[in-house]
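Peer 1: sequence first, predicted model second:
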Amino acid sequence: MADFKMHVLICGGTGCKASLSEAIKTSFNSTIESCELEDDVQVIMTGCFGFCEKGPIIKILPDNTFYVHVKPEDAEEIVKEHLVKGRPVERLLYKDPKSEENIPTSKGMDFYKKQIRIALRNCGFIDPEQIEEYIARDGYMALGKCISGMTPVDVIDEIKKSGLRGRGGGGFPTGLKWEITHKSQAGQKYVVCNADEGDPGAFMDRSILEGDPHSVLEAMAICGYCIGADTGLIYIRAEYPLAIERLKVAINQAREYGLLGENILGSGFNFDIELRYGAGAFVCGEETALIHSMEGLRGEPTFKPPFPSESGYLGKPTNVNNVETFANIPVILNKGADWFSSIGTENSKGTKVFALAGKINNVGLIEVPMGTTLREVVYDIGGGIKDGKEFKSVQTGGPSGGCLTKDFLDTPIDYDNLVAAGSMMGSGGMIVMDEDDCMVSIAKFYLEFTLEESCGKCTPCRIGNKRLYEILDSITEGKGKEEDIERLKMLSNVIKDTSLCGLGQSSPNPVLSTIHNFEDEYKAHVVDGKCPSGQCKALLQYVIEEDKCTGCTLCFRNCPVGAITGERRAPHFIDQSLCIKCGVCYEKCKFDAIELV
Amino acid sequence: MPKIKLAENTIQLIKDICAKFDNNEGELINVLHQVQGKLGYLPAEVQEVIASELNTSVAKVYGVVTFYSFFTMLPQGENPISICMGTACYVRGAEQVLSELKRQLNVEVGQTTPDGKFSLSSLRCVGACGLAPVVMVGEKVYGRVSPTQVKEIIAEYREGCDTPESKSA
């Protein structure tokens, strides 16, 4: 980036792209041209900046000014004021919600203060389609170091020493996995990158692939060197067209630079990477299912052992790691295992990327050191709950995880603490819920997902989850019985104990954790016939408060089923046997006389 | 479902795609991706051609097609509407938006309107959680959609298409 005086970085992540960041780029380029600045200013589309809530985001270098909610028509003002006259456009700066002051750079924002970016180090800083920019930030240095001066065993030892654990959910030590595959005897071995991010509400891996594809390619080559593989395969969701495009560009550029292909950097080491497309099956995140899918089969898991490290793709030893795990590798080798293991908690080293979403003010992609508390994530980084509502729960681990209550807000986040709290790290989805969310409905939501995604191989998962779903559905429909809670627990435990793969074994977790943490809410549904958060329509009643009703007849005239009766200027009445709970009367009433009970 | 007669050039197209992958059975998923990319969907007749080209059984091809949610055996509407049902969108009200979509289009998820203009599907996480809830029409993403906006979004495409009523293939 040396030849230009200034750079305009535009977020090209999926969220910002959806909000027209492409048009913003065009608009910038044409204004820059009309001001004859094209030799001084370069416009670059980068990966995700992380602060999706405020998108589309653009950043101006070298002064690091951070503009939020930018529209294509704002480009002219930014160019003419900021780039030409050096005066930041105040109205587009981020305003701190507490102090109401404008904050010009990301360093001053609470959202970024507690973050440490290792896996996301380049996202939002480089043009992902230019290999030179990756190289300028120490890219491919780790690969060079490994193949020119380290033996595979040296590299594996360094990774082991760093304490890096798999970021896809399971948390298996990465160095150990590499070592096992390294020791497997075979002529042909494979490195596989699991980019089949299927967890609903999670977009960590996609952001890394879109924002910094070379970090994954470099790490795969290093892995290939360590285990003795010459072929890498990236299994990526077909639903991620932008990530696929950027990977293809990156692979081609790496080949041109001699960083992939034969005789890399003159070392005699050969390694190349191909893409394999997923087709929308959550269970393919499980490594044996993923391997079957790559072989063109139905993505059904098979029994382990044999582990893929002994017999994987086409029956050959295969090392499967997730995108975020790979993205950590080059940094560990550049900065050293001691540096990496100084970050985090005793058994969970480094950082974790989370997709923070739901009822939170600052939705976005964050990377925090292991050991950060949920409170710091929700209140400091996340900026608290939307619309000043009350915090209720954080869901981690997606459909395999659980819901944590406010009692866990001060628990440091790491693999072991989350499991002890009845949830799991998972791949990094973190959904915040407020007082309006019904935990029975949330459990039902996840079950519906699992039902669709169960591959159908094991009966407990295929049929057991269906029964769980039916019980939850009857509870939300107001037909639940008290003994249903015990039945849910019993059935959940059977499913956990008798399913083959991780999907089945963890599918009842959302049910068990919500019962454990919110049993009162289940009881309210089945015993009192009430939904405390007012989500389950069947359990609600609209009633008119007599002393507030003026008899204006507005509700009477708007009720689509004629359930409301009453004389003009006299209190009205809703016939519950006719009411369909559409809520029209509630919305129409000007006197707040209609209540939900 | 009535049997469709595939045109000669369609059959040739499928055969070409299979040949590109050396008629290798292990490339089945890649073949299906490309064929669906060209034809829009994978009816039984297409699967029969693929099976014979890759020298495998139709049952196996059918098993794979029905296993993965990305593959469809039904033709899609001119304007495929997908709603994100990821957790972030769900807690921000995607379910209400979905019921409004169903009501306005009068179809269920996975169906196409009788005039062939719209099909409705749900998907899991587009990765634009900051914009939740999200609705996609074709490639275009609509963010922070409320149930009241659904009518406007559909209207945008209703007016736009003055092509003759397409019949389902």
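Peer 2: Yes, it's here. The model shown is predicted, which means the values in this text are computed figures rather than measured ones.

Peer 1: A:Glu76 reaches A:Ser27, doesn't it?
Peer 2: Yes - contact criterion Cβ atoms under 8 Å: A:Glu76 and A:Ser27 qualify, at 7.4 Å. To be clear about C-beta, it is placed using only N, CA and C from the backbone, and glycine gets the same treatment.

Peer 1: tell me which of the two has more neighbours.
Peer 2: A:Ser27 (21 against 15; other Cβ atoms under 10 Å in any protein chain shown).

Peer 1: name the helices or strands packed onto the helix or strand hosting that one?
Peer 2: Assigned by DSSP states H and E, A:Ser27 falls within helix A:21-34. With contacts taken as 3 or more Cβ pairs under 8 Å, 6 or more residues apart in numbering or on different chains; DSSP states H and E, helix A:21-34 sits against strand A:6-11, strand A:41-46, helix A:75-77.

Peer 1: angle of that helix against strand A:6-11?
Peer 2: 160 degrees (axes from the mean of the first three to the mean of the last three Cα atoms, to 10 degrees).

Peer 1: that older thread, of all the helices and strands packed on helix A:21-34, which lies closest to chain B?
Peer 2: strand A:6-11 (10.6 Å; Cβ to the nearest Cβ).

Peer 1: that closest one pairs with which strands, parallel or anti?
Peer 2: Next to strand A:6-11 in the sheet, as set by DSSP bridges, lie strand A:41-46 (parallel), strand A:58-61 (antiparallel).

Peer 1: for that strand, give me every contacting residue.
Peer 2: When contacts are defined by Cβ atoms under 8 Å, 6 or more residues apart in numbering or on different chains, strand A:6-11 is touched by residues A:1, A:16, A:21, A:24-25, A:28, A:32, A:40-49, A:55-62, A:78, A:83, A:124-125.

Peer 1: how about 6 Å then?
Peer 2: Contact with strand A:6-11 is made by A:21, A:24-25, A:28, A:41-46, A:49, A:56-61, A:83, as judged by Cβ atoms under 6 Å, 6 or more residues apart in numbering or on different chains.

Peer 1: from the chain's centre, how far out does that strand sit?
Peer 2: Put simply, strand A:6-11 sits 25 Å off its chain's centre (Cα atoms, centre = their mean, to the nearest Å).

Peer 1: average pLDDT for that strand?
Peer 2: Mean pLDDT, strand A:6-11: 93.

Peer 1: what about stretch A:402-418, how long is it end to end?
Peer 2: 9 Å (Cα to Cα, to the nearest Å).

Peer 1: outside of it, which residues touch it?
Peer 2: By Cβ under 6 Å, 6+ apart, stretch A:402-418 touches A:171, A:345, A:347-348, A:370-375, A:391, A:393-395, A:421-425, A:509, A:513-514, A:517.

Peer 1: same thing with stretch B:5-24?
Peer 2: B:27, B:30-31, B:34-35, B:45, B:49, B:53-54.

Peer 1: and if you look at stretch B:139-149?
Peer 2: A:18, B:96-97, B:100, B:131, B:133-135, B:153.

Peer 1: chain B: strands as residue ranges?
Peer 2: B:79-84, B:118-123, B:135-137, B:140-142 (DSSP state E).

Peer 1: report the separation between A:Cys226 and chain B.
Peer 2: Distance, A:Cys226 to chain B, by Cβ to the nearest Cβ, to the nearest Å: 26 Å.

Peer 1: and the closest residue to that residue other than its chain neighbours, what pLDDT?
Peer 2: Nearest non-adjacent residue to A:Cys226, counting by Cβ to Cβ, 6 or more residues apart in numbering or on different chains: A:Pro152, 4.4 Å away. Predicted confidence (pLDDT) for A:Pro152: 97.

Peer 1: quick one: A:Pro152 and A:Gly228 touch, right?
Peer 2: No - at 7.1 Å, A:Pro152 does not count as touching A:Gly228 under the criterion of Cβ atoms under 6 Å.

Peer 1: could I get the phi/psi values of A:Lys406?
Peer 2: Main-chain dihedrals, A:Lys406, degrees, to the nearest 10: phi -70, psi -20.

Peer 1: chain B contacts on chain A?
Peer 2: By Cβ under 6 Å from any Cβ of the partner chain, the residues of chain A that approach chain B are A:14-15, A:18, A:52-53, A:55, A:200-201, A:203, A:206, A:238, A:277, A:279-281, A:295-296, A:298, A:357-358, A:363, A:431, A:433, A:437, A:445.

Peer 1: tell me where chain B has helices.
Peer 2: B:8-20, B:28-39, B:44-53, B:58-67, B:87-91, B:94-105, B:150-160 (DSSP state H).
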